[in-house]
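Colleague: Sequence and predicted structure are below.
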Amino acid sequence: NAGVTQTPKFQVLKTGQSMTLQCAQDMNHNSMYWYRQDPGMGLRLIYYSASEGTTDKGEVPNGYNVSRLNKREFSLRLESAAPSQTSVYFCASRPTGIAKNIQYFGAGTRLSVL
Amino acid sequence: QKEVEQNSGPLSVPEGAIASLNCTYSDRVSQSFFWYRQYSGKSPELIMSIYSNGDKEDGRFTAQLNKASQYVSLLIRDSQPSDSATYLCAVKGAGGTSYGKLTFGQGTILTVHP
């Protein structure tokens, strides 16, 4: 049981390059989330998907796009990377039912934009 | 004013002592409260959730919630060096349109020294 899997684990980009961060969960969860974590700032929500086929903006969506490809996969795209997007990115998913308030996190992607 | 604020750290306690971590939130209608532990370079993992006023105990951990004061805390009894980590307070808003979104505090770094 892999849980939430993120790829890649590390990435270095040059300013202006694009890339897609991948996230997949095997727990049949409906809701998925993308966060970024910067030193001293906790986690901030970028985008979320309440269910397959829906996405919505979180607290810091500028410079990002997302795709909920199917129930398992939720990707985050940086179209033109900027140094301010240097961060650690976490994907999370959330079940419905009794444990519906709990989010489960992937291992994270550490991104540096030079 | 930040929506979720944690006591400034870092917090250093001797092994065997009680560590007290505090969190205040601004949204009065918040319903669900969580404490996540995050080891350096790792992803957050849920250690406690609390939904009703009062105390909730799980082993050496006790979460305390006071909705009137908009305050939630985490006590770690008999602190161990393995408890050294960043502790994140997270709050979920009320209502069906919250879609399980969490707002995180900035985190408190705890160090337990032998």
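Modeller: Okay, I see it.

Colleague: what are the ranges of the helices in chain A?
Modeller: Here chain A has no helices by DSSP state H.

Colleague: Isn't B:V4 up against B:T103?
Modeller: Yes - counting by C-beta atoms under 8 Å, B:V4 does reach B:T103; the two are 5.1 Å apart. Just so you know, the C-beta spots here come from the backbone N, C-alpha and C atoms, and that holds for glycine as well.

Colleague: Pull up the overlap in contacts between these two.
Modeller: Common contact partners of B:V4 and B:T103 (C-beta atoms under 8 Å, 6 or more residues apart in numbering or on different chains): B:Y25, B:A90, B:V91.

Colleague: Doesn't the last one lie inside a strand?
Modeller: Yes - B:V91 sits within a strand when classified using DSSP: H, G, I helix; E, B strand; the rest coil.

Colleague: need the residues of chain A near chain B, please.
Modeller: A:31, A:33, A:35, A:40-45, A:48, A:50, A:56, A:58-59, A:90, A:94, A:100-108 (C-beta under 8 Å from any C-beta of the partner chain).

Colleague: Any regions of the chain where pLDDT drops low?
Modeller: Using chain A. Low-confidence segments of chain A (pLDDT under 70): A:1, A:97-100.

Colleague: Hmm, no, I was thinking of chain B.
Modeller: B:1-2, B:94-98.

Colleague: Would you check how far apart A:E79 and A:Q85 are?
Modeller: Using C-beta to C-beta, to the nearest Å, A:E79 is found at 11 Å from A:Q85.

Colleague: I'd like to check which residues are in contact with the residue nearest in space to the middle of chain A.
Modeller: Residue closest to the average C-alpha location in chain A (C-alpha atoms, centre = their mean): A:W34, at 2.9 Å. Counting by C-beta under 8 Å, 6+ apart, A:W34 touches A:21, A:23, A:45-48, A:58, A:64, A:66, A:74, A:76, A:89-91.

Colleague: One more: B:N53?
Modeller: Per C-beta under 8 Å, 6+ apart, neighbours of B:N53: B:L65, B:N66, B:K67, B:A68.

Colleague: For PyMOL, write the select line for the buried members of those.
Modeller: Buried residues within the contacts of B:N53, by 16 or more other C-beta atoms under 10 Å in any protein chain shown, are selected in PyMOL with:
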select buried, chain B and resi 65+67
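
Colleague: Next step: the contacts of B:N53 restricted to helices.
Modeller: Among the contacts of B:N53, no member falls in helices (DSSP H).

Colleague: Specify which member of the contacts of B:N53 is nearest to chain A.
Modeller: B:L65 (13.9 Å; C-beta to the nearest C-beta).

Colleague: What's the separation between that closest one and B:P14?
Modeller: For B:L65, the distance to B:P14 - C-beta to C-beta - is 27 Å.
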